[in-house]
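Undergrad: Just need the structure, nothing else, for what follows:
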Amino acid sequence: MISNHAFQLPAFIDLGATFAFALTGTLAAIKRGYDIVGMFFLALASGIGGGLIRDGVFIQGDGPTPLLSDPRYIEVVLAATVAGALFGRHITRFRRLIAVIDALGLGAYAAFGTQKSLQSGLAVPAAILVGVINAAGGGLLRDIITGEEPLVFKPGQFYVLTAVGGAVTFVFLSVTLEVAATPAALAAIAVTFVFRALAIAFNWRTTPVGPPSELSA
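TA: You can find the predicted model right below:
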């Protein structure tokens, strides 16, 4: 069983990751020529989409999700929208900082989503799945809304796999070894961050299972 001591996601990581994820939505909106309204909703889907899927589809609590009851999340998405509208052409200069925040948020959301799922009674495999969706679901929603083939389904640099690594690390420590939730989550964040940093540094990538022509023949 998971420890009764719940992991509280630090606010600076939570909101910082939401801002970084929302920025990816604003940049996607700029590339497609959206107006400010379209930019905001794409930033909203990218920033908190994974958490909304977690709380709206897999885990249904007694009240509204904190993503909507806590005004800071919408405020951060608004800030990302404004930043994208004003400085969209210059945001790429901060890509390294954004990548760092993104990597931290990826691990934090994977651990937090997994923990919340376990506490809600989901089986371990399902909890890991929800943790990964919590981490990468915003990008999935962004691509679906814009009519793009989701990047998470295509060969590319390790991203979802790093979230899987974080979720599995959290489960192994908290469930198997019965480590308290907070140190287990911090270890999961560290594993995800290092894995993601190495993937960026060495361009570790997934490869296609086979050429599409063989499947359609």
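Undergrad: Do you have the helices of the protein handy? List them.
TA: When secondary structure is read from DSSP state H, the chain shows helices at 11-31, 36-53, 66-69, 71-87, 95-119, 124-145, 160-171, 181-202, 212-216.
Undergrad: Of all these, which one comes closest to residue 59?
TA: The minimum distance between residue 59 and the helices of the chain falls on helix 95-119, with 6.1 Å, by Cβ to Cβ. C-beta: built from backbone N, CA, C; applies to glycine.
Undergrad: Report the buried residues of that closest one.
TA: By 16 or more other Cβ atoms under 10 Å, the buried positions in helix 95-119 come out as 98, 100-119.
Undergrad: swap in stretch 158-175?
TA: Buried positions in stretch 158-175, judged by neighbour count with 16+ other Cβ under 10 Å: 158-171, 173-175.
Undergrad: next one: stretch 190-201 to chain centre, how far?
TA: Stretch 190-201 sits 15 Å away from the centroid of its parent chain (Cα atoms, centre = their mean, to the nearest Å).
Undergrad: go on, stretch 44-60?
TA: 10 Å.
Undergrad: send the alpha carbons of it over as PDB?
TA: Provided in PDB are the C-alpha atoms of stretch 44-60 (Å, rounded to 0.1, in the frame of the first residue of the first chain):
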ATOM      1  CA  LEU A  44      -5.100  26.100 -21.500                       C
ATOM      2  CA  ALA A  45      -5.300  22.600 -23.100                       C
ATOM      3  CA  SER A  46      -1.500  22.300 -23.100                       C
ATOM      4  CA  GLY A  47      -1.000  23.700 -19.600                       C
ATOM      5  CA  ILE A  48      -3.600  21.800 -17.600                       C
ATOM      6  CA  GLY A  49      -5.000  19.300 -20.100                       C
ATOM      7  CA  GLY A  50      -3.300  16.300 -18.500                       C
ATOM      8  CA  GLY A  51      -4.600  17.100 -15.100                       C
ATOM      9  CA  LEU A  52      -8.100  17.600 -16.500                       C
ATOM     10  CA  ILE A  53      -8.000  14.200 -18.100                       C
ATOM     11  CA  ARG A  54      -6.800  12.700 -14.800                       C
ATOM     12  CA  ASP A  55      -9.500  14.300 -12.700                       C
ATOM     13  CA  GLY A  56     -12.400  14.300 -15.300                       C
ATOM     14  CA  VAL A  57     -12.000  10.800 -16.800                       C
ATOM     15  CA  PHE A  58     -10.000   8.500 -14.400                       C
ATOM     16  CA  ILE A  59     -10.400  10.100 -11.000                       C
ATOM     17  CA  GLN A  60     -13.800  11.700 -10.100                       C
END
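Undergrad: Show me the contact partners of it.
TA: 18-19, 21-25, 28, 61, 65, 67, 73-74, 76-77, 80, 109, 113, 116-117, 120, 122, 126, 130, 133-142, 145 (Cβ atoms under 8 Å, 6 or more residues apart in numbering).
Undergrad: Quick check on those residues: which are buried?
TA: Counted by 16+ other Cβ under 10 Å, the contacts of stretch 44-60 give 18-19, 21-25, 28, 65, 67, 73-74, 76-77, 80, 109, 113, 116-117, 120, 122, 130, 133-142, 145 as buried.
Undergrad: Rank the helices and strands of this protein by mean pLDDT and give me the bottom one.
TA: In the chain, no helix or strand scores lower on mean pLDDT, DSSP states H and E than helix 212-216, which sits at a mean of 54.
Undergrad: what's the nearest residue to residue 204 if we skip its chain neighbours?
TA: Nearest in space to residue 204, with sequence neighbours left out and distances taken as Cβ to Cβ, 6 or more residues apart in numbering, is residue 158 at 4.9 Å.
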